[in-house]
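[1] Build me a structure from this.
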Amino acid sequence: MRLPGDARVSRWSALSPTRCLKALLLAVGSELARAVCQSASKLADLRNSEFLGVPLKRLGDKPLHLLSIWILAVATSVSKWSGGNPLAHARGYGRIGGLTAVLCLVAGCKSPLAREPLNLDTAKAAVVQYYESGNYERAMAAVAAKARDWIEQYAAHRRPDERLAVVFDIDETLLSNYPHIHSIGFGYIPSDWEAWIARGEAPAIKPMRELFLAARHLGCDVFLITDREDSRERAATEANLRREGLGDYTRLIMQPAGGPKPSVSDRKTAARRALYREGYTIIANLGDQESDLRGGYEERSFKLPDPLYLME
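    Next up is the predicted model:
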């Protein structure tokens, strides 16, 4: 390969092999630095530069990103060899080369294009298909069956004085808000949500209602820990639960109105901690969000599917 600067190449014959290698790296690193510095636009735009007569834009985005890293590596290595003055023997481009390489990395040589995310309409259609095909209910039934087996096994070996409890979330655990969320295009409008809660029309999720009733039949106290607000939504929530055959619970624990609001996870953990201190053994905790399940104070937790929303 022919390097620019014939005079520079001819002088290599007088150097030792080690110094020849150093000089080669110095020259290549220098030429790369000069190519970058000659960019007609901005310092970090390698696309518009040339190296050895080849337009760098032909390389594409990913090689250009790697090239900027390589320039930095050469500048750093040569800096060590030349006592802290990188590329000092390559026509004064050394300091520029090292600085340019750093700037390329920091200021943004183009990286590979990110993959386009799933189209929103496609995602909505997939959620509709998941629910209306019966796959959602089957997934819920599978988790409910595992939870029921666990509760039955634990209850069969309970101590005479042991107070067993099962904790349920409400939304997307016992009651489904899919009809409302689907009707507004999978968005969230606070006023519409409040009206939906007030009407108390959320249907029970059948596999979870069966699990709820089984837990009560086995002598477990059932506690509902929800993110619904106490003062505004308690009456409508209680009526909705009774209407759907879910009224036989020990206590409904809701988000207090006013005052500081901890995270969902912290508040639900505190509620389970309080039950533990009352002497309950929470043998199962069921919810559709990870925030329903963090924090402990239960023997086992069960995560339910929920493609509709995420709460932290």
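
[2] Pull up the gap between the closest residue to Gly296 other than its chain neighbours and Tyr280, please.
    Nearest non-adjacent residue to Gly296, counting by CB to CB, 6 or more residues apart in numbering: Thr269, 7.1 Å away. Yep, even glycine has a C-beta here, placed from its N, CA and C like the rest. Separation of Thr269 from Tyr280 (CB to CB, to the nearest Å): 15 Å.

[3] before we move on, what about Leu113?
    Here the criterion is CB to CB. By it, Leu113 lies 54 Å from Tyr280.

[4] The two: which has the busier surroundings?
    Tyr280 (22 against 8; other CB atoms under 10 Å).

[5] Leu175 is in contact with Leu241, correct?
    Yes. Using CB atoms under 8 Å, Leu241 is in contact with Leu175, at 7.4 Å.

[6] who touches Val143 in this structure?
    By CB atoms under 8 Å, 6 or more residues apart in numbering, the contact list for Val143 reads Pro207, Leu286, Phe302, Lys303, Leu304, Pro305.

[7] which SS state does Leu252 fall under?
    Under DSSP: H, G, I helix; E, B strand; the rest coil, Leu252 falls in the strand class.

[8] That one: how many residues sit nearby?
    Here the count is done by other CB under 10 Å, and Leu252 has 18 residues near it.

[9] same question, Ala141
    By other CB under 10 Å, 17 other residues sit near Ala141.

[10] Then the one 3 residues further on?
    The burial metric for Ala144, expressed as a neighbour count using other CB under 10 Å, is 23.

[11] continuing past the strand or helix carrying it, what's the next helix or strand?
    Element membership of Ala144, judged by DSSP states H and E, is helix 135-156. As assigned by DSSP H and E, the chain's next helix or strand after helix 135-156 is strand 163-168.

[12] That following strand - what's its average pLDDT?
    Mean per-residue pLDDT for strand 163-168: 98.

[13] what comes up buried for whatever helix or strand comes next after that strand?
    On the C-terminal side of strand 163-168, the closest following helix or strand by DSSP H and E is helix 178-183. Within helix 178-183, the residues that qualify as buried by neighbour count (16 or more other CB atoms under 10 Å) are Tyr178, His180, Ile181.

[14] For helix 178-183, which helices and strands make contact with it?
    The contact analysis (3 or more CB pairs under 8 Å, 6 or more residues apart in numbering; DSSP states H and E) places helix 178-183 against helix 120-132, helix 190-199.

[15] residues of the last one that come out buried?
    Residues of helix 190-199 classed as buried by neighbour count (16+ other CB under 10 Å): Trp196, Ile197.

[16] where does the stretch 1-150 of the chain dip in pLDDT?
    Residues of the stretch 1-150 of the chain meeting the criterion pLDDT under 70: 1-112.

[17] now do 90
    Flagging of the stretch 1-150 of the chain using pLDDT under 90 yields the residue ranges 1-115.

[18] Now the closest residue in space to Lys146 that isn't next to it in sequence, what are its backbone angles?
    Setting aside the residues directly before and after it, Lys146 is nearest to Phe302 in space (CB to CB, 6+ apart), at 6.7 Å. When quoted as degrees, to the nearest 10, the phi and psi of Phe302 stand at phi -130, psi 120.

[19] Next up, the contacts around Phe302.
    With the criterion set at CB under 8 Å, 6+ apart, Phe302 makes contact with Val143, Lys146, Ala147, Ala284, Asn285, Leu286, Gly287.

[20] repeat for Asp227
    By CB under 8 Å, 6+ apart, the neighbours of Asp227 are Asp171, Gln255, Val264, Arg267, Met311.

[21] Specify which member of the residues you listed is nearest to Tyr136.
    Nearest to Tyr136 among these, counting by CB to CB, is Asp171 at 14.4 Å.
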